[in-house]
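Trainee: I would like the atomic coordinates for the input below:
(chains A and B)
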Amino acid sequence: MSAQIALAPAPPDRQEPTPHAFGPYESGAAPFKAQSAAPIAIETTQLTKRYDSMVAVDHLDLRVEQGEIFGFLGPNGAGKTTTMRMLLGLIRPTSGSASILGMDVATDLPAILARTGSMIEEPAFYPYLSGRDNLRAMARLSGISENLVPKILERVDLAGAANKRFKAYSMGMKQRLALGAALLADPEILILDEPANGLDPAGIVEMRDLMKELKHEGRTVLISSHVLHEVEQICDRIAIVNGGRIVVQGRVEELLHHNDKVEIRIDHPEEAADVLHTVPWMGHIDRSHDHILVSAPLERTAEINRLLADQGLYASVIKPQEESLEQYFLEVTEGVKA
Amino acid sequence: MIGFLRSDWRKLRHRWMPRILVLILLAIVALVFLGISSRARFRSDLVMPDGLVVALSLGAAFAAFIWPILAGSWSGSEYGWGTIRMALTKEPNRIAFSLSGLIVVLMTVGAGLILVLVVGAIASSLVGAATHAIVSTPPAGANAAGVVIKMFFGAWYASAFYVVLAYAAGAIFRSPAAGIGIGIGFAVAQSAVSGIFGALGDPWKSIALHFPAAYTTALNSRLANELVVKGPLARVSSDDASIQVSIIALAIYLALLIGAMVAVVQQRDVTS
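Mentor: Residues are numbered from 1 along each chain as shown, chains lettered A, B, ... in the order given. The predicted structure is shown next:
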């Protein structure tokens, strides 16, 4: 599996933000508007990072459209964090280039970072400062008003723990604070590395809702996560990397239904399989005790149903096989390993 | 740069370590002052205004063991906590990031020395009251206030070497332990090696005269000698470099250390 799926740009969802536990962002400044003239938010061209003989990122070509949530997936050590660090100027690429909002990371980094919020690996703050003071310190670095800090703390549901020292925070609170720091400057682009790491189930749901809210506000989110169920629910498109290379990139629903497999639940799977074996356009047939899985064009599902019914075999369910992102991820990454 | 300085200032205001280190320095100065004053032949050097100069000399002498703790911790902890990546994804100017922390630590050293002056003034007054000599007479032509001011900056400048050494080591080795260890370890090793080289005679002895400690000692001794000329504390060796040479030599050491740190931080990937 190495082919990449070419896709049309997704129109940004411009619904109004919905009320949420984190609350809508009220910075006082006008929220940014997605620019239709420059639909590419993040782009890398042959981006490569080598450490001596080890290639961490290998000629990576990534395109993230403005206004979408883009999942950047891969097993540990696949090169996700290194790529994100290169996008933020923390690591210099060995070769290739990266641009954000049309600006080159190598030459326009200050302008890029002024419009980008990020969260790389585990939250990193000064342990002796409170959550509030950490955000104030970050606000000073970003050259923005400290008056925004209370609103950000409310948005990430940390207003009640604002005066607590960072070292006393739980993992979930640390993650929220890191997200607050990323949102501080009202960014157009968010680059989030494992934002759900350490969150409890309720926190994961809140994070998911927040991601959707950010998308509705027109922001672009590049997110890496191992919580594939969440990624499946929130991401418009994904790229799966392995060994520093993109293995597959495309829309989530297209990737998960790419294989034209039809699942048939039936009382007599052996007889049904015998019938379908006679059909010339039928592909591979897998049989189990209560269902069969056939490779066939999805548009011929009704025809399959009629063929079986003609032989007195009545299916209780005929549907395209739905693969979870988790299954797909394992299939893709293990396929590459093999 | 302004953003980094403002951020570092906030960090300084909320961190206990600088306050504790200043208190330790003040306690050491006060105790040594008390110890010296117990010997009658030293007392004449300890009354005002000479006592201020002695206090600043003590502040500079103990700088090598106090300030590397703060400086090495300040720079190295940015890597240990990973806060460097948070900072550089807000403002990517790595030179400003490196220098702002250093400036704030050096300001803390200055504030510490002001408090050393206060402690020195109190201690001098107590010694003066005890010996019924409230104020010593400055040498002919000496401007006591001018000497104290010069001595303040001399002590600060001498302390700056150890601050910069530890700060640069913390940043270069990405570790507070390395910064502190190299800062204090260098001071200790320097004393030991200077002693050995001195005992071996020339040419080893002349090499030791170019160690940073030789210049920090020479600078402070010569500045102090402008006021404290009577008593046994006013010792200046004929081997001591002049004030001008000491300032230039220390400036070269400082430039080398800061240059190495900036070059490394500027070029290196941030993987912390």
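
Trainee: In space, what's closest to B:I28 - neighbours in sequence excluded?
Mentor: Excluding its sequence neighbours, the residue lying closest to B:I28 (C-beta to C-beta, 6 or more residues apart in numbering or on different chains) is B:F62, at 5.4 Å. All C-beta atoms are positioned from the backbone trio N, CA, C, and that covers glycine.

Trainee: my guess is the one you found contacts B:A27, does it?
Mentor: No. Using C-beta atoms under 8 Å, B:F62 is not in contact with B:A27, being 10.3 Å away.

Trainee: follow-up on the earlier one: how much space separates the residue nearest to B:I28 from chain A?
Mentor: The span separating B:F62 from chain A equals 25 Å under the rule C-beta to the nearest C-beta, to the nearest Å.

Trainee: Which residue of B:F62 and B:A27 possesses the greater neighbour count?
Mentor: Of the pair B:F62 and B:A27, B:F62 is the one with more neighbours under other C-beta atoms under 10 Å in any protein chain shown, namely 17 against 11.

Trainee: Report the separation between that one and B:F33.
Mentor: Taking C-beta to C-beta, to the nearest Å as the measure, B:F62 and B:F33 are separated by 12 Å.

Trainee: next one: A:E323
Mentor: 79 Å.

Trainee: and what of A:P187?
Mentor: Counting by C-beta to C-beta, the gap between A:P187 and B:F33 amounts to 55 Å.

Trainee: Tell me the pLDDT of A:S36.
Mentor: At A:S36, the predicted lDDT confidence score is 43.

Trainee: secondary structure class for the closest residue to A:S130 other than its chain neighbours?
Mentor: Counting by C-beta to C-beta, 6+ apart, the nearest residue to A:S130 once its immediate chain neighbours are dropped is A:N163, at 5.0 Å. For A:N163, the assignment made with DSSP: H, G, I helix; E, B strand; the rest coil gives coil.

Trainee: Contacts only, for A:N163.
Mentor: Contacts for A:N163 (C-beta atoms under 8 Å, 6 or more residues apart in numbering or on different chains) come out as A:S130, A:G131, A:R132.

Trainee: out of the residues you listed, which is most surrounded?
Mentor: Of the contacts of A:N163, A:G131 is surrounded by the most neighbours, 28 neighbours in total, counting by other C-beta under 10 Å.

Trainee: Contact partners for that one?
Mentor: Residues in contact with A:G131, defined by C-beta under 8 Å, 6+ apart, are A:F125, A:L153, A:L158, A:A161, A:A162, A:N163, A:K164, A:F166, A:Y169, A:M173, A:L177, A:G180.

Trainee: Pull out the buried residues from these.
Mentor: Among those, the ones that count as buried by 16 or more other C-beta atoms under 10 Å in any protein chain shown are A:F125, A:L153, A:L158, A:A161, A:A162, A:F166, A:Y169, A:M173, A:L177, A:G180.

Trainee: Now that we have those, can you turn them into JSON lines and tack on distance to chain B, secondary structure and pLDDT?
Mentor: Compiled in JSON lines, those are given as follows (distance: C-beta to the nearest C-beta, whole Å; DSSP: H, G, I helix; E, B strand; the rest coil; pLDDT from 0 to 100):
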{"residue": "A:F125", "distance to chain B": "6", "secondary structure": "coil", "pLDDT": "94"}
{"residue": "A:L153", "distance to chain B": "16", "secondary structure": "helix", "pLDDT": "94"}
{"residue": "A:L158", "distance to chain B": "16", "secondary structure": "coil", "pLDDT": "90"}
{"residue": "A:A161", "distance to chain B": "17", "secondary structure": "helix", "pLDDT": "90"}
{"residue": "A:A162", "distance to chain B": "14", "secondary structure": "coil", "pLDDT": "91"}
{"residue": "A:F166", "distance to chain B": "9", "secondary structure": "helix", "pLDDT": "94"}
{"residue": "A:Y169", "distance to chain B": "13", "secondary structure": "coil", "pLDDT": "92"}
{"residue": "A:M173", "distance to chain B": "16", "secondary structure": "helix", "pLDDT": "89"}
{"residue": "A:L177", "distance to chain B": "10", "secondary structure": "helix", "pLDDT": "93"}
{"residue": "A:G180", "distance to chain B": "12", "secondary structure": "helix", "pLDDT": "93"}
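
Trainee: now the end-to-end length of stretch A:209-225.
Mentor: Between the start and the finish of stretch A:209-225 there is a gap of 15 Å, counting by C-alpha to C-alpha, to the nearest Å.

Trainee: which parts of it are buried?
Mentor: In stretch A:209-225, residues buried by neighbour count (16+ other C-beta under 10 Å) are A:210-225.

Trainee: any bit of that stretch sitting next to chain B?
Mentor: No. Remark: stretch A:209-225 sits outside contact range of chain B, by C-beta under 8 Å from any C-beta of the partner chain, the gap being at least 13.5 Å.

Trainee: Would you mind pulling up the elements that the top helix by length along chain A packs against?
Mentor: With residue count as the measure and DSSP state H as the assignment, chain A has helix A:201-216 as its longest helix. In terms of contact count using 3 or more C-beta pairs under 8 Å, 6 or more residues apart in numbering or on different chains; DSSP states H and E, helix A:201-216 is assigned the packing partners strand A:69-73, helix A:171-183, strand A:220-224, helix A:228-234.

Trainee: and if we set it to 10 Å?
Mentor: With contacts defined as 3 or more C-beta pairs under 10 Å, 6 or more residues apart in numbering or on different chains; DSSP states H and E, helix A:201-216 has these neighbours: strand A:69-73, helix A:171-183, strand A:189-193, strand A:220-224, helix A:228-234.

Trainee: Partner strands of the fourth one and their direction?
Mentor: I take that to be strand A:220-224. Looking at strand A:220-224 with DSSP bridges, its partner strands are strand A:69-73 (parallel), strand A:189-193 (parallel).

Trainee: if I pick B:A214, what's in contact with it?
Mentor: B:Q190, B:S194, B:I207, B:A208, B:S237, B:D239, B:D240, B:A241, B:S246, B:A249 (C-beta atoms under 10 Å, 6 or more residues apart in numbering or on different chains).

Trainee: out of the residues you listed, which is most surrounded?
Mentor: B:S246 (25 neighbours).

Trainee: Is that one located within a helix, as I assumed?
Mentor: Yes. In this structure, B:S246 lies within a helix as judged by three-state DSSP.
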